[in-house]
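Novice: turn this into a structure:
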Amino acid sequence: MTSVKLGGWKVAVHGYKDPMRCLALAEEAQQVAYGHVVSVVREVPLALYLFETPPGDRLPDYHTIVPPQDVMCLQMIESKIGSADNNNDNGQPLHYGSPYQLRGDFLRLYDNCMTYHAPGRSPYSNPQAGEVAGRVLAAVDRQLKLLLTSVPVMAALEFANGLRHWLRCRHCHKWRAAPYVHFAPLRVAAAAPPSRGGAGGGCGGGGGGCGFRCEQLPGRGCGQPCDQCGGAQVCSCAAAGQPR
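Specialist: Here you go, the predicted structure:
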C-alpha cells in the first residue's frame, strides 16, 4: 500500500506510484468541468448583476431575511471549485465531492433569491429576480446532465471514489476513513489549524478553519476506535506522531 499525507489528511491506494498526483489530476478534470458550469451560468441575462457577488452589501436588510451562513453567490461557488496547479502548491482545493454538491450551492442561491424577492415573503418583492434565478438553475441542470455523460468527468469521479481517504480529528487525533463525497468538503477544515479567538475558541458549528472533527462524518464520534490502528483511547498512530 502507498500512502501520502498532506496537512491533516492522507490518501492511501494500491498500485499507484504517485496517488496524490493521480488524485490531483482527477480533481483537475472536475474543476475544469465545474468551472464551465459557472461560465455558462454567467451568460444567463442578468445573472452577473444579481448573483456574481454576495448580495448583502447592496440589498437592504438582506441578512435579516437570509442568514449570513446561507449566503451564496457565483464568486463563492467559483472559490469552492478551486483551481488546479499540479506543478506546485499554489492550487486551491476542490470543495465539491460530487456534481450534486455543486448543484446544492446553486439551489441555495435560488432559494435565497426566492426568499428575499418573492411576493409575500419579503418587502423587497422582485418577480424578475426569481425568474432569472429559475433560468440559472435550469442552465445548471442542463450542464450537469451533460457532465453525467462525460467520460473524463465520470472517470475522474470513479478514480476519486476508489481511493481510501483519511482525515485526522483535531480533538481525539484518531484517523477516520472517509468516502470522497465527505472527504472533499471536509479536508479544508482538516488542513486548517484551529483558530484562536474568544471564549468559544473561534470554532463554529460546521465551517472550516477549525480542523476536522469526528462528528462531521455521519455516524462517527471520538469514542469510536481509530480506523487506522484500531486504538480505542489513544491510537498508536497518534502516539507515534504520524500515521503509518
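Novice: this structure - how does it break down into domains?
Specialist: Taking automatic domain parsing as the reference, the chain has its domains at 21-155, 163-239.
Novice: where among the ones you listed is the average confidence lowest?
Specialist: Sorting the domains of the chain by mean pLDDT places domain 163-239 lowest, at a mean of 76.
Novice: list the contacts for the spatially most central residue of the chain?
Specialist: Centroid check for the chain by Cα atoms, centre = their mean gives His95 as the closest residue, at 2.6 Å. Contact analysis of His95 by Cβ atoms under 8 Å, 6 or more residues apart in numbering lists Lys80, Ile81, Gly82, Gln101, Ala184, Pro185, Val188. To be clear about C-beta, it is placed using only N, CA and C from the backbone, and glycine gets the same treatment.
Novice: and the longest helix seen in the chain, what does it pack against?
Specialist: The longest helix of the chain (DSSP state H) is helix 19-42. Here helix 19-42 touches strand 2-6, strand 9-13, helix 47-51, helix 74-81, helix 99-117, helix 127-147, helix 151-162, going by 3 or more Cβ pairs under 8 Å, 6 or more residues apart in numbering; DSSP states H and E.
Novice: deepest-packed of those, please.
Specialist: strand 9-13 (a mean of 21; mean count of other Cβ atoms under 10 Å).
Novice: quick check: Gly231 vs Cys237, distance?
Specialist: Applying Cβ to Cβ, to the nearest Å, the value for Gly231 to Cys237 is 8 Å.
Novice: the more surrounded of those two?
Specialist: Between Gly231 and Cys237, counted using other Cβ atoms under 10 Å, Cys237 has the larger neighbour count: 22 against 18.
Novice: host element of the more buried one?
Specialist: Using DSSP states H and E, Cys237 maps to helix 236-239.
Novice: just Arg176 next, same as before
Specialist: Following DSSP H and E, one finds Arg176 within strand 175-178.
Novice: what packs against the helix or strand following that strand?
Specialist: Scanning forward in sequence from strand 175-178 by DSSP H and E, the next helix or strand is helix 180-191. When contacts are defined as 3+ Cβ pairs under 8 Å, 6+ apart, helix 180-191 sits against strand 9-13, helix 99-117, helix 151-162, strand 164-168.
Novice: still on that earlier bit, buried residues in the longest helix of the chain?
Specialist: Neighbour-count burial for helix 19-42, counted by 16 or more other Cβ atoms under 10 Å, picks out 19-20, 22-24, 26-31, 33-35, 37-38, 40-41.
Novice: then stretch 220-230?
Specialist: Neighbour-count burial for stretch 220-230, counted by 16+ other Cβ under 10 Å, picks out Arg220, Cys226, Asp227, Gln228, Cys229.
Novice: list the contacts of that stretch.
Specialist: Here stretch 220-230 makes contact (Cβ under 8 Å, 6+ apart) with 166, 169, 171-172, 174-177, 213-215, 231-232, 235-238, 243-244.
Novice: any of those buried? List them.
Specialist: 166, 169, 172, 174-176, 213-214, 231, 235, 237-238, 243.
Novice: from those, pick the one nearest Cys113.
Specialist: Relative to Cys113, the closest of those is Arg213; by Cβ to Cβ it sits at 32.2 Å.
Novice: measure the closest one to Arg135 for me?
Specialist: 39 Å.
Novice: perfect, I'm done here.
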